[in-house]
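[1] here is my input, please return the structure:
(chains A and B)
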There are 2 protein chains.
Amino acid sequence: MSESALLTDLYELTMLQAYHDEGMNDSAVFELFVRALPPQRRFLMLAGIEQVLDYLENLRFTTAELDWLRATGRFRPAFLDALRDFRFTGEVHAMREGTVFFGDEPVLRIEAPIGEAQFVESRLINLVNYCSLVATKAARCVLAAPRSLLVDFGLRRAHAGEAGLLAARASFLAGFAGSATVLAGQRFGVPVFGTMAHSYIEAHELETDAFEQFSLSQPGNVTLLIDTYDTEAAAAKVVALAPSLQARGVNLVSVRLDSGDLADHARRVRAILDAGGLANVRIFASGNLDEYRIAALLAAGAPIDGFGVGTQLTTSADAPALDSAYKLQVYAGRARRKRSEGKATWPGAKQVWRSVDVEGRLTRDLVALADEPAPVGAWVPLLRPVMHAGKRLVPPEPLTALRTHAATELARLPAALRELDPGVGSDIYPVSISDGLQALALQLDRSTH
Amino acid sequence: MSESALLTDLYELTMLQAYHDEGMNDSAVFELFVRALPPQRRFLMLAGIEQVLDYLENLRFTTAELDWLRATGRFRPAFLDALRDFRFTGEVHAMREGTVFFGDEPVLRIEAPIGEAQFVESRLINLVNYCSLVATKAARCVLAAPRSLLVDFGLRRAHAGEAGLLAARASFLAGFAGSATVLAGQRFGVPVFGTMAHSYIEAHELETDAFEQFSLSQPGNVTLLIDTYDTEAAAAKVVALAPSLQARGVNLVSVRLDSGDLADHARRVRAILDAGGLANVRIFASGNLDEYRIAALLAAGAPIDGFGVGTQLTTSADAPALDSAYKLQVYAGRARRKRSEGKATWPGAKQVWRSVDVEGRLTRDLVALADEPAPVGAWVPLLRPVMHAGKRLVPPEPLTALRTHAATELARLPAALRELDPGVGSDIYPVSISDGLQALALQLDRSTH
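    Modelled structure (predicted):
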């Protein structure tokens, strides 16, 4: 599904045909950026670049797809013949996944013959927008609970299958311990976690039998769900069962709470487990959690060691979309600028520079033209070449390396950006536009079309 | 991707292994339902059932998947051997796609050996939850603009690729005219629509050249985007260009507005087009639209003939998740009930009955046990058998037939449910629980576990 070249908007194909007809094949620069942060976010974390590079490297039309396009009657034979050899042959610059970014900062810059650079728009936004939404939401959970075990439980409420899969990757990258989604283990090496469902308990006549049988079936790493009927009564059953389980080699790791007042239940269950000699059994909680509820539980001193975060993570429910765009900045060597009301863009091929203080904390960013000289001082360029002539320059980075980078990024966030409360990122973190870029924009505004 | 048996939660596999170890293979009934409507919704519209049936018919583990599971070390050889022949062999009842439904009403009922019925949980919720979210959001847009051309523009901001694809199907089913997503045309026969991007205009030195070249490239059905620089100036260029285009066989269908005050621009552009002899050229608008903004534009008398609805549709942004659940209701012939605080379920295999008035309008629903006698009066059962022994009972219905059904459902909505404003569905529309079901729940609450 995700690999089909037809997973695009019709206008990408009709524009491609028009460019083909017109013989317009000069090089274009497009950039992908987010216009402004949602008010619920103080920073964004980039993810999805590996998926973008996979897409670009493998983009082609199959015979079946070309046949279907022909049958629609919308396209001329000469164009369809040309589509048979259509490949992405361009250059790509990107920020590294896990990097923190802000409004108006290009995270991806594509340079290719205009038809190619245009065509990939829909899928590139589709991937980067969603993966970055989830990485950002996950990063906020990590900031709320830096010492807790955080696990993605959100496949079922993610918006269809690919979202569930990519959310597992993005949240692990951002600092989660892993995901319940098995396919993310196979595809990306994300550590996979799981417990049991209420139905398993209910299918047994006695709750304690369910606990025992489940434990014996996977003795290496057992988490028991204890809220199906009466949470504290179930905790007492776990205590009663534990010696016989341990004698049979069961490693009872944790119990899971999924309903009711989680802080209150956690305290009562902790006391029951501790009194029963199970001080080493941890408490794991789930049930419509997000960074706000996790922070509140921890602030209230709830003895909870880990959290399963589901719907709120994989739908980024309080900010389910970014104002992401992919815009033409240069064509045939000349900078271009969209001037639509409220949607004007900064023209030209750009670089994003970041300045950090002596302790490594982010202090400010500068968006400049790519061919402007480097700003004076300790600035680091964030856009790096990652693809040449349609091929990756280096193999994909291990996900664990990107995860380490994301952790470093979070550690370098200034205090104001670490707050969970709504705040407009651009008000909190300074992103400047270079003199060269401002001059170019003014110059283009004086032109007529 | 969507077809992988590993697109599931780990606990589905660990529970399956436990059931295998225990020899628990009796028949179970699970039901999929939404606990309560989001406050932003007065009804829900069902979609995704065809995808569910596809999944159930084709579910199997590949050798590569089994090898990977073996390599994790979590599963025993005898279980993995059994997984090789794992198939879904059960019975399925479902409401018809396009049907309006409410909280606590099962939309899907699965009866199969417990391992099979349990295993499919994650993907079934994943599909029905998202497709129904989008069908519902689209239905609300249709209620807001029943005579407008509505097109799904939301692939790029959908949560990854499968969401974009399924959103196109669900919104067409609910009454949209079609989608910009090409793959939805190929896979589902959804009519595909498209215009042009700002970048296409910007790549040409003169806006009027872009209009001309684009029109000549696809003369059959042209929509020109006119807000790149100055909307009214562009409308005048369209007027100036029209005679020469028409002389060359171009069918100029519409112009598209994508920024600024859409109502104001639409009025000015309408006047320019009318004065220029282009009264038959329609105005199409896009730009962060949803049912509320569309209703406001039409209420203000904006002369807009069609709307592209993107992000708000494919993310269902004001209600990005449903409180959907898939729960065990019967095992080995005995009804089961989850009693977790705030999450208790109605036990037993159920049927949903609907009563309509003499004009065909929905009046009330009744949730009853499947084996209770039909209620007295003009009640219609909504759950119908669709799969037997793991095979569809009838071929998939044409999407256009489901779309007609959805339109009938919307026409039958009582006035209170047609309102767009937030309102709790269960307060507005009466859904009763049968005496038999209430008695069963009470009886189970007296049992101990």
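[2] doesn't A:Arg364 belong to a helix?
    No: if the criterion is DSSP: H, G, I helix; E, B strand; the rest coil, then A:Arg364 is strand and not within a helix.
[3] tell me the spacing between it and chain B.
    Distance of A:Arg364 to chain B, computed by CB to the nearest CB, to the nearest Å: 29 Å. Heads up, the C-betas are built off the backbone N, CA and C, glycines and all.
[4] now that residue, nearest residue through space, not along the chain?
    The shortest distance from A:Arg364 to any non-neighbouring residue, by CB to CB, 6 or more residues apart in numbering or on different chains, is to A:Pro430 (4.2 Å).
[5] you'd agree that neighbour is up against A:Leu362?
    No: contact between A:Pro430 and A:Leu362 fails when scored by CB atoms under 8 Å: they sit 9.8 Å apart.
[6] residues from the stretch 301-449 of chain A in reach of chain B?
    A:311, A:314-317, A:320-322, A:324, A:327-328, A:331, A:336-343, A:449 (CB under 8 Å from any CB of the partner chain).
[7] residue contacts, the residue in the stretch 51-200 of chain A that chain B sits nearest to?
    Here the stretch 51-200 of chain A gets closest to chain B at one residue, A:Gly194, 3.0 Å apart by CB to the nearest CB. Counting by CB atoms under 8 Å, 6 or more residues apart in numbering or on different chains, A:Gly194 touches A:Ala180, A:Thr223, B:Asp9, B:Leu10, B:Tyr11, B:Leu13, B:Thr14.
[8] between A:Pro430 and A:Leu362, who's got more neighbours?
    Between A:Pro430 and A:Leu362, counting by other CB atoms under 10 Å in any protein chain shown, A:Leu362 is the more crowded of the two (19 against 13).
[9] how many neighbours does A:Lys237 have?
    22.
[10] equivalent analysis for A:Gly333, please.
    So A:Gly333, with other CB under 10 Å, has 8 neighbours.
[11] can you check the pLDDT for the spatially most central residue of chain A?
    The centre of chain A sits closest to A:Cys131, judged by CA atoms, centre = their mean, with a distance of 2.8 Å. If you check A:Cys131, the pLDDT there is 98.
[12] just the element for it, please.
    Assigning secondary structure by DSSP states H and E places A:Cys131 in helix A:121-144.
[13] again, but for A:Pro395
    Per DSSP H and E, there is no helix or strand for A:Pro395.
[14] what is the neighbour count of it?
    Residues contacting A:Pro395 under the criterion other CB under 10 Å number 6.
[15] can you give me the pLDDT of the nearest residue to the residue nearest to the centre of chain A once chain neighbours are set aside?
    In this structure, A:Cys131 finds its nearest non-sequential neighbour in A:Gly48, 3.0 Å apart by CB to CB, 6+ apart. Listed pLDDT for A:Gly48 reads 98.
[16] thinking A:Gly48 is in contact with A:Ser132, fair?
    Yes: with contacts counted by CB under 8 Å, A:Gly48 reaches A:Ser132, the gap being 6.2 Å.
[17] which of the three states applies to the nearest residue to A:Ala36 once chain neighbours are set aside?
    In space, and not counting its chain neighbours, A:Ala36 is closest to A:Gly103: 4.4 Å by CB to CB, 6+ apart. What three-state DSSP gives for A:Gly103 is coil.
[18] ramachandran coordinates for A:Gly103?
    Per-residue torsions, A:Gly103: phi -60, psi 150 (degrees, to the nearest 10).
[19] return the residues in contact with A:Arg293.
    Contacts of A:Arg293 by CB under 8 Å, 6+ apart: none found.
[20] for it, helix, strand, or coil?
    helix.
[21] not counting its neighbours along the chain, what's nearest A:Leu56?
    Nearest one to A:Leu56, counting by CB to CB, 6+ apart, is A:Phe88 at 4.5 Å.
[22] number of nearby residues for that neighbour?
    The burial count for A:Phe88: 23, using other CB under 10 Å.
[23] pLDDT at it, what is it?
    98.
[24] ok, A:Gly342 next?
    pLDDT, read off for A:Gly342, is 79.
[25] got the contact list for it?
    Taking CB under 8 Å, 6+ apart as the criterion, A:Gly342 is in contact with B:Ser259, B:Gly260.
[26] now with 10 Å, please.
    Residues counted as contacts of A:Gly342 (CB atoms under 10 Å, 6 or more residues apart in numbering or on different chains) are A:Arg35, B:Ser259, B:Gly260, B:Asp261, B:Gly287.
[27] what values do phi and psi take at it?
    When read as degrees, to the nearest 10, the backbone of A:Gly342 gives phi 70, psi 0.
[28] distance of it from A:Leu183?
    According to CB to CB, to the nearest Å, A:Gly342 and A:Leu183 sit 40 Å apart.
[29] give me the average confidence score over stretch A:312-322.
    Averaged across stretch A:312-322, the pLDDT comes to 97.
[30] tell me which element the residue nearest to A:Gly249 when sequence neighbours are not counted is part of?
    Nearest non-adjacent residue to A:Gly249, counting by CB to CB, 6+ apart: A:Pro219, 5.2 Å away. Using DSSP H and E, A:Pro219 falls within no helix or strand.
[31] show the end-to-end separation of stretch A:108-119, please.
    One end of stretch A:108-119 sits 15 Å from the other (CA to CA, to the nearest Å).
[32] what residue spans form the domains of chain A?
    A:10-134+A:324-445, A:148-314 (automatic domain parsing).
[33] distance between the first one and the chain's centre?
    If I follow you right, that is domain A:10-134+A:324-445. Taking CA atoms, centre = their mean, to the nearest Å, the mean C-alpha location of domain A:10-134+A:324-445 is offset from the chain mean by 15 Å.
[34] quick check: phi and psi on A:Ala335?
    Backbone phi and psi, for A:Ala335 under degrees, to the nearest 10, turn out to be phi -60, psi 150.
[35] wait, it sits on A:Leu369?
    Yes: between A:Ala335 and A:Leu369 there is a contact under CB atoms under 10 Å: 8.6 Å.
[36] anything in contact with each of the two?
    Common neighbours of A:Ala335 and A:Leu369 (criterion: CB under 10 Å, 6+ apart): A:Gln329, A:Trp346, A:Pro347, A:Gly348, A:Ala349, A:Leu437, A:Leu440.
[37] for the residue nearest to A:Gly249, give me the backbone phi and psi.
    Here is the backbone geometry of A:Pro219 (degrees, to the nearest 10): phi -70, psi -10.
[38] I'd guessed it sits against A:Arg248; true?
    Yes: counting by CB under 10 Å, A:Arg248 is a contact partner of A:Pro219 at 7.2 Å.
[39] mind giving me the ChimeraX command for buried ones among the residues of the stretch 301-449 of chain A next to chain B?
    Here is the ChimeraX command that selects the buried residues among these (16 or more other CB atoms under 10 Å in any protein chain shown):
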select /A:311,314,315,316,317,320,321,322,324,327,328,331,336,337,338,339,340,343,449
